[in-house]
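In: one predicted model, sequence on top.
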Amino acid sequence: MIYIIKFLYETFLLPPGIYIFLMLILFFYLLKKKNKFAPIFFIFIFLFYLSSTSLIDNALIRSLENKYTPPSKISGDVIVVLGGGATLDTPNIGTKGHLSGSAANRLITAVELYNKLKVPIIFSGGKVYSFTGSEADIAKTILINMGIPRDKIIIDDKSLTTEENAKNTKKLLNMYSFTKPILVTSAFHMERSVIQFNKYDIKVTPFPTDYQTNVNPHFNINDLIPSSSAIDNLSISIKEYLGIIQARL
């Protein structure tokens, strides 16, 4: 019973399901009035529905995430972590600001790699907007609180784009004579990142993390239910594919 109630409110009361439901009501009204635009409107509703389901959107983001897999045996002399968003004034332990979900997941993976390899961590990410936090500064504080020695933490607090991540990381690699960087970023972001790093003649060992869906598809009836998370994955996928095209030009 609880599952049925959850299904009903997620499908018909929460966005985007409620929007689809309201558009269907309008469609049947137009159909009743024999409006000539009713069939076109239905096609729009159907396409919007498909774009809001995990069945479609997970397949799209999976096509990005499966480009690279973490190596079974990992080695390198530095861990390079790319930022992915931060809040400015949210309360934290002894400070303010948090990394976003993706950036936090990347940082967790970097700490796990550090515990295994004991090599320095470069965190690359600046203050993208006036209302967001400085990602590198927030990451440094978190790393110190997690027990990473200060002398093992190097920050780039100037980069605002993936291309700048690569450009500024190149300077740091040269400065500290690192030659075998391990690149940590979200799996969906890895292909675009590798392209940008290659532009600056940086050969990285990709270590993708922060997966948004399973590596292997597993169909579930919930994949047919419209959800905001599915639309988020669609937006991420479109942004990444556009970024890949731009990076290759």
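Out: Looks like it came in fine.
In: buried residues, the helix or strand bottoming out on mean pLDDT in the chain. List them.
Out: In the chain, no helix or strand scores lower on mean pLDDT, DSSP states H and E than helix 2-12, which sits at a mean of 72. By neighbour count on 16 or more other Cβ atoms under 10 Å, the buried set for helix 2-12 is Thr11. Where C-beta positions appear, they are placed from N, C-alpha and C, glycine not excepted.
In: stretch 31-46 too?
Out: For stretch 31-46, by 16+ other Cβ under 10 Å, it's 38, 41-42, 45.
In: next, the residue nearest to Tyr68 when sequence neighbours are not counted: secondary structure please.
Out: Of all residues not flanking Tyr68 in the chain, Pro206 sits nearest, at 4.3 Å (Cβ to Cβ, 6 or more residues apart in numbering). When classified by DSSP: H, G, I helix; E, B strand; the rest coil, Pro206 comes out as strand.
In: any idea what Pro206 is bridged to?
Out: Following DSSP bridges, Pro206 is listed with bridge partners Leu183.
In: is it in contact with Ala187, as I believe?
Out: No. Pro206 lies out of contact with Ala187 (Cβ atoms under 8 Å); the separation is 9.2 Å.
In: out of those two, which sits in the busier spot?
Out: Ala187 (25 against 19; other Cβ atoms under 10 Å).
In: in the longest helix along the chain, which residues are buried?
Out: Counting by DSSP state H, the longest helix found in the chain is helix 228-248. By neighbour count on 16+ other Cβ under 10 Å, the buried set for helix 228-248 is 230-231, 233-234, 236-237, 240, 243-244, 247.
In: contacts for that helix, please.
Out: 14-16, 51-54, 56-58, 60-61, 63-64, 162-163, 188-189, 191-192, 195-196, 199, 212-213 (Cβ atoms under 8 Å, 6 or more residues apart in numbering).
In: now that helix: average pLDDT?
Out: The predicted model gives helix 228-248 an average pLDDT of 96.
In: my guess is Ser186 meets Arg106, correct?
Out: Yes. Judged on Cβ under 8 Å, Ser186 makes contact with Arg106 at a distance of 6.5 Å.
In: residue ranges for the helices of this structure, please.
Out: 2-12, 17-32, 38-51, 54-65, 101-117, 135-145, 162-176, 190-199, 228-248.
In: tabulate those (JSON lines), appending distance to Gly94.
Out: Below are the helices of the chain laid out as JSON lines (distance: least, Cβ to Cβ, whole Å):
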{"stretch": "helix 2-12", "distance to Gly94": "38"}
{"stretch": "helix 17-32", "distance to Gly94": "41"}
{"stretch": "helix 38-51", "distance to Gly94": "43"}
{"stretch": "helix 54-65", "distance to Gly94": "35"}
{"stretch": "helix 101-117", "distance to Gly94": "17"}
{"stretch": "helix 135-145", "distance to Gly94": "8"}
{"stretch": "helix 162-176", "distance to Gly94": "27"}
{"stretch": "helix 190-199", "distance to Gly94": "31"}
{"stretch": "helix 228-248", "distance to Gly94": "31"}
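In: out of those helices, nearest to Tyr129?
Out: For Tyr129, the closest of the helices of the chain is helix 135-145, at 11.3 Å, according to Cβ to Cβ.
In: the closest one - what's its average pLDDT?
Out: Here the average pLDDT along helix 135-145 is 97.
In: chain center to stretch 176-193: distance?
Out: Its chain's C-alpha centre and that of stretch 176-193 lie 14 Å apart, by Cα atoms, centre = their mean, to the nearest Å.
In: out of the helices of the chain, nearest to Pro91?
Out: helix 135-145 (12.5 Å).
In: packing partners of that closest one?
Out: helix 101-117, strand 121-124, strand 153-156 (3 or more Cβ pairs under 8 Å, 6 or more residues apart in numbering; DSSP states H and E).
In: so of these, which one's packed in deepest?
Out: Most buried of those, by mean neighbour count (mean count of other Cβ atoms under 10 Å): strand 121-124, with a mean of 26.
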